[in-house]
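S.K.: Give me a model of this one.
(one chain, ligands or ions: 3)
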Amino acid sequence: MSAREPLRVALLGAGVVGGAVARHLTQRSDDMAARVGARLEVVGIAVRRAGRDRSELGVDPSLFTTDAEELVTRADLVVEVIGGIEPARSLILRAMEHGASVVTANKALLAEDGPRLYAAAAKHGVDLYYEAAVAGAIPLLRPLRESLAGDEVRKVLGIVNGTTNYVLDKMDTTGAGFQDAVEQAQALGYAEADPTADVEGFDAAAKAAILASLAFHTRVSGSDVYREGITEVSAADVAAAREMDCVVKLLAICERTEGGVSVRVHPAMIPRSHPLAGVREAFNAVFVEADAAGQLMFYGRGAGGEPTASAVLGDLVAVARHRVGGGLGPGESSYADLPILAMGDAQTRYHVSLDVADRSGVLAKVAAAFAAQDVSIETVRQQLVPADGPQAAESDAAGGHGAGNGARANLIIVTHTASDAALSATVENLRTLDVVRGVNSVMRVEGF
Ligand SMILES: NC(=O)c1ccc[n+]([C@@H]2O[C@H](COP(=O)([O-])OP(=O)(O)OC[C@H]3O[C@@H](n4cnc5c(N)ncnc54)[C@H](O)[C@@H]3O)[C@@H](O)[C@H]2O)c1
Ligand SMILES: N[C@@H](CCO)C(=O)O
Ligand code: NA
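M.R.: Ligands and ions are numbered 1, 2, ... in the order given. Now for the predicted structure:
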């Protein structure tokens, strides 16, 4: 054990993540002291409600306080695991003003106001670490901020939200309903306090913004990210993917192209043979492609109290070591200042399933709609639909028009890569064709 003065640690929040952090800090304090070179003394744990029984955490009950504002003024190191924008932001800024280094898991705040936090950290000469904010336990931000700082990152592609991966996995493998699967993810501690942030893609978009900022040395905020969640993914989409030997995953895709930086989050079909297709339950996986390094893959638990606590504690040890040995970790790097491209400029591929009349000339009209936008078709597959088949009923209900009640077919088209603008214009045109009774599903295709 070190003879150095203990470092005072304030913990803000004792929920899923904060509870696990508190337990580890208490139970493993000797190891932490040996690794840091000073004891980490928890001087307070800010909670919203006093008086609740928290005996399962095994910490001294007198440490709990509802006065977080006061607590952050008497700490060397502050761990913020409250979540949300306020009061987390004000507390972090106040902590820095009082000279504390900060560890946070708060991707929502970093994606909304990261530059302000970085500026405050630089002004007050303190650290700001947030490995837990993206992909939970997986060491990903430190590799981007430090290990790859000498390389040129071209692409970051992955599954960064555990809740939605859990839901899509259950829908694919057990046929579970959407709501049931969300509730299971909540019970397991993966989901955000409001799971809308997960299922609507806001959580993944915030993480994509953080990843793109670090990868491309450019400020990218959550609102710069094109975002679609999984609430519109239907059983028909999952089934269509299965027929293609694909699975549906919510992907975060950050790319550096000649024109700038493209950052998007949306569901996509990927082949079952792709390594991301094997990412099950709440696991996360991220590919990074860099000029000199080539392809790197990061895989592990992206959510849950214990895995997230691992990343928080790793950061806490790092910033504590800086206090003992001097120096600071990396600050913001946004010198490249690349333009952020619109979604229409993104290069992607589509899988389109159409309900069409089964008569001569249909294929030619459909193909012409693709050609009009200069979108090249890779494959076309036709399946006859029985006149009273369930899909017939579905697309009639969806307002299919003009093609009458004659013989019908499903036309499944997969395109080559084109701009997202050309692809969505093509789908809009298809909807107006008299030979098209309805559009069953449209989904982007990645990873071939
Ligand atoms: N759960 C995960 O898997 C996970 C993974 C990575 C990152 N995160 C992030 O970690 C943070 C915490 O997530 P969580 O899952 O532990 O959430 P949680 O809802 O379980 O815990 C948050 C706690 O903060 C408390 N709180 C709220 N306002 C407070 C205030 N003003 N003062 C004191 N306490 C207050 C709440 O009562 C709650 O107990 C969030 O930023 C989240 O995005 C969570
Ligand atoms: N709600 C998030 C927690 C991890 O950041 C998820 O499901 O991935
Ligand atoms: Na991480």
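
S.K.: where does the protein come near ligand 2, residue by residue?
M.R.: Neighbours of ligand 2 within the chain, by Cβ under 6 Å from any ligand atom: 136, 161-163, 190-192, 198, 203, 302-303. (Each C-beta comes from the backbone N, C-alpha and C, glycine too.)

S.K.: So among these, where is pLDDT lowest?
M.R.: Minimum pLDDT for the residues of the chain next to ligand 2 is recorded at Glu192 (88).

S.K.: That one and Val36: what is the separation?
M.R.: 31 Å (Cβ to Cβ, to the nearest Å).

S.K.: can you tell me the helix or strand for Thr348?
M.R.: strand 347-357 (DSSP states H and E).

S.K.: Could you list the buried residues of that strand?
M.R.: 348-357 (16 or more other Cβ atoms under 10 Å).

S.K.: could I get stretch 259-271 in PDB with only the CA atoms?
M.R.: Extracted C-alpha coordinates of stretch 259-271, given in PDB (Å, rounded to 0.1, in the frame of the first residue of the first chain):
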ATOM      1  CA  GLY A 259     -16.000  14.300 -49.700                       C
ATOM      2  CA  GLY A 260     -16.000  14.100 -45.900                       C
ATOM      3  CA  VAL A 261     -17.400  12.000 -43.100                       C
ATOM      4  CA  SER A 262     -20.600   9.900 -43.300                       C
ATOM      5  CA  VAL A 263     -22.200   8.600 -40.000                       C
ATOM      6  CA  ARG A 264     -25.400   6.600 -39.900                       C
ATOM      7  CA  VAL A 265     -27.300   4.200 -37.700                       C
ATOM      8  CA  HIS A 266     -30.000   2.000 -39.200                       C
ATOM      9  CA  PRO A 267     -31.100  -1.600 -39.400                       C
ATOM     10  CA  ALA A 268     -29.500  -3.600 -42.200                       C
ATOM     11  CA  MET A 269     -29.400  -7.100 -43.600                       C
ATOM     12  CA  ILE A 270     -26.000  -8.800 -43.300                       C
ATOM     13  CA  PRO A 271     -25.100 -12.300 -44.500                       C
END
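
S.K.: pLDDT (mean, whole number) over it?
M.R.: pLDDT averaged over stretch 259-271 gives 97.

S.K.: one step back: who's more crowded, Glu192 and Val36?
M.R.: Val36 (24 against 19; other Cβ atoms under 10 Å).

S.K.: Can you pull up the residues of the stretch 1-150 of the chain that come close to ligand 1?
M.R.: So the stretch 1-150 of the chain meets ligand 1 at 12-18, 46-48, 68, 81-83, 87, 105-107, 132, 136 (Cβ under 6 Å from any ligand atom).

S.K.: Mind giving me the PyMOL command for buried ones among the residues you listed?
M.R.: The PyMOL selection below is limited to those of these classed as buried (16+ other Cβ under 10 Å):
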select buried, resi 12+13+14+16+17+18+46+47+68+81+82+83+105+106+107+132+136
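
S.K.: Of the residues of the stretch 1-150 of the chain next to ligand 1, which belong to helices?
M.R.: Using DSSP state H, 16-18, 68, 107 are the members of these that sit in helices.

S.K.: which of the buried residues of strand 347-357 lies closest to ligand 1?
M.R.: Ligand 1 has its nearest neighbour among the buried residues of strand 347-357 in Thr348, at 28.0 Å by Cβ to the nearest ligand atom.

S.K.: you'd agree the closest one is up against Asp420?
M.R.: Yes: under the criterion of Cβ atoms under 8 Å, Thr348 makes contact with Asp420 at 5.5 Å.

S.K.: Turn the buried residues of strand 347-357 into TSV, including pLDDT.
M.R.: Below are these laid out as TSV (pLDDT from 0 to 100):
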residue	pLDDT
Thr348	95
Arg349	96
Tyr350	96
His351	95
Val352	95
Ser353	93
Leu354	95
Asp355	95
Val356	96
Ala357	91
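
S.K.: Export these as a markdown table, with columns for distance to Gly229.
M.R.: Converted to a markdown table, the buried residues of strand 347-357 look like this (distance: Cβ to Cβ, whole Å):
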| residue | distance to Gly229 |
| --- | --- |
| Thr348 | 17 |
| Arg349 | 20 |
| Tyr350 | 18 |
| His351 | 18 |
| Val352 | 20 |
| Ser353 | 21 |
| Leu354 | 24 |
| Asp355 | 25 |
| Val356 | 29 |
| Ala357 | 33 |
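
S.K.: which of these lies closest to ligand 3?
M.R.: Thr348 (26.5 Å; Cβ to the ion).

S.K.: Apart from its neighbours in sequence, what residue is nearest the closest one?
M.R.: Arg444 (4.9 Å; Cβ to Cβ, 6 or more residues apart in numbering).

S.K.: how about that neighbour, what does it touch?
M.R.: Contacts of Arg444 were listed using Cβ atoms under 8 Å, 6 or more residues apart in numbering, and they are 266-269, 348-351, 420.

S.K.: among those residues, which two are most distant?
M.R.: Met269 and Asp420 (15.1 Å; Cβ to Cβ).

S.K.: Neighbour count for these two, which is higher?
M.R.: Comparing Met269 with Asp420 by other Cβ under 10 Å, the one with more neighbours is Met269, at 29 against 21.

S.K.: Report the separation between that one and Gly13.
M.R.: Taken as Cβ to Cβ, the span from Met269 to Gly13 is 38 Å.

S.K.: Repeat that for Thr66.
M.R.: 12 Å.

S.K.: Need the residues touching each of the two.
M.R.: 46-47.

S.K.: The stretch of helix or strand Asn440 belongs to: how far from the chain's middle?
M.R.: Using DSSP H and E, Asn440 maps to strand 436-445. The chain centre lies 25 Å from the centre of strand 436-445; the measure is Cα atoms, centre = their mean, to the nearest Å.

S.K.: Also stretch 192-204?
M.R.: 9 Å.

S.K.: just stretch 285-293 next, same as before
M.R.: 17 Å.

S.K.: Same question for stretch 67-81.
M.R.: Averaging C-alpha positions (Cα atoms, centre = their mean) puts stretch 67-81 28 Å from its chain's average.

S.K.: Need the contact partners of that stretch.
M.R.: 7-13, 15, 17-18, 21, 40, 43-44, 46, 65, 82, 87-88, 90-92, 94-95, 98-106, 312, 316, 319-320, 323.
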